[in-house]
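Q: pasting the structure only:
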């Protein structure tokens, strides 16, 4: 039933091609970003949840925010 409905829609064949191109572009951008990211910055960001310095996230009374 669904196949007949989809066959009757004009231009429906464009959507799979557009979806594939969009996926490849986004995937390529994410991989490029992951390769080019600064490793020192990633290490710094990874340690932020564990950082207890006053300027970083610990409340002045010693509790957490």
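A: Perfect, I can see it now. Everything quoted here is computed from the prediction, not taken from an experiment.
Q: name the single longest helix found in this structure.
A: Ordering each helix of the chain by length in residues (DSSP state H) puts helix 14-36 first.
Q: any idea of the mean pLDDT in it?
A: Averaged over helix 14-36, pLDDT sits at 96.
Q: so which elements touch it?
A: Helix 14-36 sits against no helix or strand, with contacts defined as 3 or more C-beta pairs under 8 Å, 6 or more residues apart in numbering; DSSP states H and E. Every residue, glycine included, has its C-beta placed from N, CA and C.
Q: roughly how far is that helix from the heart of the chain?
A: Its chain's C-alpha centre and that of helix 14-36 lie 12 Å apart, by C-alpha atoms, centre = their mean, to the nearest Å.
Q: quick check: the gap between the residue nearest the centre of the chain and residue 18.
A: Closest residue to the average C-alpha location of the chain: residue 30 at 7.4 Å, with C-alpha atoms, centre = their mean. Relative to residue 18, residue 30 is positioned 19 Å away (C-beta to C-beta, to the nearest Å).
Q: same question, residue 51
A: 44 Å.
Q: cool, residue 40 as well?
A: From residue 40 to residue 18 the distance is 39 Å (C-beta to C-beta).
Q: now do residue 53
A: 48 Å.
Q: could you report the neighbour count for residue 2?
A: Per other C-beta atoms under 10 Å, the neighbour tally for residue 2 reads 6.
Q: oops, could you answer that again for residue 12 instead?
A: 11.
Q: repeat for the one 10 residues further on
A: Burial of residue 22 is recorded as 10 neighbouring residues (other C-beta under 10 Å).
Q: could you do the one 5 residues further on as well?
A: The number of residues packed around residue 27, counting by other C-beta under 10 Å, is 10.
Q: next: residue 42.
A: Residue 42, neighbours per other C-beta under 10 Å, totals 11.
Q: and residue 38, by the same measure?
A: Residue 38 has 9 nearby residues by other C-beta under 10 Å.
Q: quick one, what contacts it?
A: For residue 38, the contact set (C-beta atoms under 8 Å, 6 or more residues apart in numbering) is empty.
Q: right, I'll call it a day here.
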